[in-house]
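Engineer: Sequence isn't available, so here's the structure alone:
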């Protein structure tokens, strides 16, 4: 017969071990016992606890560091999307599991200079290739693929009979003189393309973690099968509020105040301000055609980084130096690379979807850069 005796002690003391008494004596449970190999984590999740977002979020938690690396908008989202969320949360059925929705019918250094090498892209195709992912406007460069480039990609998809997933989460963040083209609108591409969008990027609500996919019934049907088994992971009121916000802005698509257009106008001013500040200290920023990131060549500063490890990429060393000495955080571009790292290690990424007060703090750091 087992007798369990519980011990209570003040919180300031160490917790006492639970004693289990049996006929053979007392057993003590120790936290130092080794876990059986049988219960070790699967290999597929090894290393997931160590990634750049964990590392840089920790670095950014220092209140003295200005975080211009991560895409954490500190500008407010449109008031009506917050109002619609408040309304949706008062409807009882909206606070329950999400319903299964059905689709309805219906001469500057610019990112433009970064041209897609179609010959190199085609060299990566083989008999096992089934899918291609494209991102336009692209993160982190801000490049918007031209019609000719997209035609080249489309021709490869058709030639090799593969599916295209087009990540277009920054589709509305397009700046003066540029145009975003959906690859699904090109001949022969609708039936083989899934276009992905994001509420976080479209309405500046990255914490909502909502998005959508658009495509032909043959492809979307398969996604619905997955969706209906996972959709409960998204809060119902958030989805309802997002749908209502879309209704508001779709009705005023021809109005300059439509958020799809007004946010891009607001951000273009912030982009140009950041470009000017980066240039003032000798950095060479690439002017983005879209999105809300700027990558800048930092190599001209010739910062002494001999105290860092030799196997670290230059951009990573520079960012660590900048955080320590300038209290400014950016993201090293090589953290996005698994190949061609040497081609990108002189670039770091800055985010400009920030309030003017945040950019004022950035300007202060820049003006004191050489002091």
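Structural biologist: Sure thing, it's come through. For clarity, every value in this text was computed on a predicted model and none was experimentally measured.

Engineer: which residue ranges form the strands in the stretch 1-150 of the chain?
Structural biologist: 3-5, 19-22, 25-28, 66-67, 131-135 (DSSP state E, counting those that start in this stretch).

Engineer: what's next to the longest helix anywhere in the chain, contact-wise?
Structural biologist: Ranked by number of residues, the top helix in the chain under DSSP state H is helix 259-280. With C-beta atoms under 8 Å, 6 or more residues apart in numbering as the test, helix 259-280 has contacts from 75, 78, 172-176, 202-204, 249, 253, 256, 285, 287-288, 292, 294, 296, 350, 352-354, 356, 359, 362-363, 366. In this view, the C-beta of every residue, glycine as well, is placed from N, C-alpha and C.

Engineer: Tell me which of these fall in helices.
Structural biologist: 202, 203, 249, 356, 359, 362, 363, 366.

Engineer: if we can go back for a sec, let me know the angle separating the longest helix of the chain from helix 356-367.
Structural biologist: Here the directions of helix 259-280 and helix 356-367 differ by 10 degrees (axes from the mean of the first three to the mean of the last three C-alpha atoms, to 10 degrees).

Engineer: So, low pLDDT: which residues of this structure?
Structural biologist: 1-51, 53, 92-108, 229-233, 308 (pLDDT under 70).

Engineer: quick one, domains of it?
Structural biologist: Per automatic domain parsing, the structural domains of the chain span 52-76+258-367, 79-250.

Engineer: Compute the first-to-last residue distance for the longest one.
Structural biologist: Using C-alpha to C-alpha, to the nearest Å, the gap from the first to the last residue of domain 79-250 comes to 16 Å.

Engineer: same question, the first one
Structural biologist: As for domain 52-76+258-367, its first-to-last residue distance stands at 29 Å under the measure C-alpha to C-alpha.

Engineer: same thing with stretch 280-299?
Structural biologist: Counting by C-alpha to C-alpha, you get 15 Å between the two ends of stretch 280-299.

Engineer: in that stretch, what counts as buried?
Structural biologist: If you call a residue buried by 16 or more other C-beta atoms under 10 Å, then stretch 280-299 has these buried ones: 283, 285-299.

Engineer: Please apply the same query to stretch 198-210.
Structural biologist: Buried residues in stretch 198-210 (16+ other C-beta under 10 Å): 198, 199, 200, 201, 202, 203, 204, 205, 206, 208, 210.

Engineer: Tell me if I'm right that the fifth one and residue 172 touch.
Structural biologist: Yes. Taking C-beta atoms under 8 Å as the contact criterion, residue 202 and residue 172 are neighbours in contact, 5.9 Å apart.

Engineer: how near is residue 132 to residue 157?
Structural biologist: 6 Å (C-beta to C-beta, to the nearest Å).

Engineer: shared neighbours of these two, which are they?
Structural biologist: 163, 164.

Engineer: More neighbours: these two, which one.
Structural biologist: Shown here are residue 132 and residue 157; by other C-beta atoms under 10 Å, residue 157 has more neighbours (23 against 20).

Engineer: Residue 186 versus that one, what's the distance?
Structural biologist: Taken as C-beta to C-beta, the span from residue 157 to residue 186 is 10 Å.

Engineer: Could you do residue 348 as well?
Structural biologist: For residue 348, the distance to residue 186 equals 34 Å [C-beta to C-beta].

Engineer: Those two - which one has more neighbours?
Structural biologist: With neighbours defined as other C-beta under 10 Å, residue 348 and residue 186 compare such that residue 348 has more, 29 against 19.

Engineer: Show me what the helix or strand harbouring that one is in contact with.
Structural biologist: Secondary structure assignment for residue 348, by DSSP states H and E: strand 347-351. Contacts with strand 347-351, where a contact means C-beta under 8 Å, 6+ apart, come from 68-72, 140, 274, 278, 285-286, 292-298, 315, 318-319, 322, 330-333.

Engineer: Confirm residue 165 sits in a strand?
Structural biologist: Yes. Checked against DSSP: H, G, I helix; E, B strand; the rest coil, residue 165 lies within a strand.

Engineer: hang on, it packs against residue 194?
Structural biologist: Yes. When contacts are counted by C-beta under 8 Å, residue 165 is listed as touching residue 194 (5.0 Å).

Engineer: Which of the two has more residues huddled nearby?
Structural biologist: Each of residue 165 and residue 194 has its neighbours counted (other C-beta under 10 Å); residue 194 has more, 20 against 16.

Engineer: what's the burial count for the residue lying closest to residue 136 once chain neighbours are set aside?
Structural biologist: Nearest non-adjacent residue to residue 136, counting by C-beta to C-beta, 6 or more residues apart in numbering: residue 145, 4.3 Å away. If you count neighbours by other C-beta under 10 Å, residue 145 ends up with 25.

Engineer: Equivalent analysis for the one 5 residues further on, please.
Structural biologist: The burial count assigned to residue 150 is 23, neighbours taken as other C-beta under 10 Å.

Engineer: and what of residue 215?
Structural biologist: 23.

Engineer: pretty sure residue 122 contacts residue 153?
Structural biologist: No. With contact defined as C-beta under 8 Å, residue 122 does not reach residue 153; the gap is 9.9 Å.

Engineer: More neighbours: which of the two?
Structural biologist: Taking neighbours as other C-beta under 10 Å, residue 122 and residue 153 compare with residue 153 leading, 23 against 14.

Engineer: quick one, what contacts that one?
Structural biologist: Residue 153 neighbours (C-beta under 8 Å, 6+ apart): 116, 118, 121, 132, 134, 145, 164, 183.
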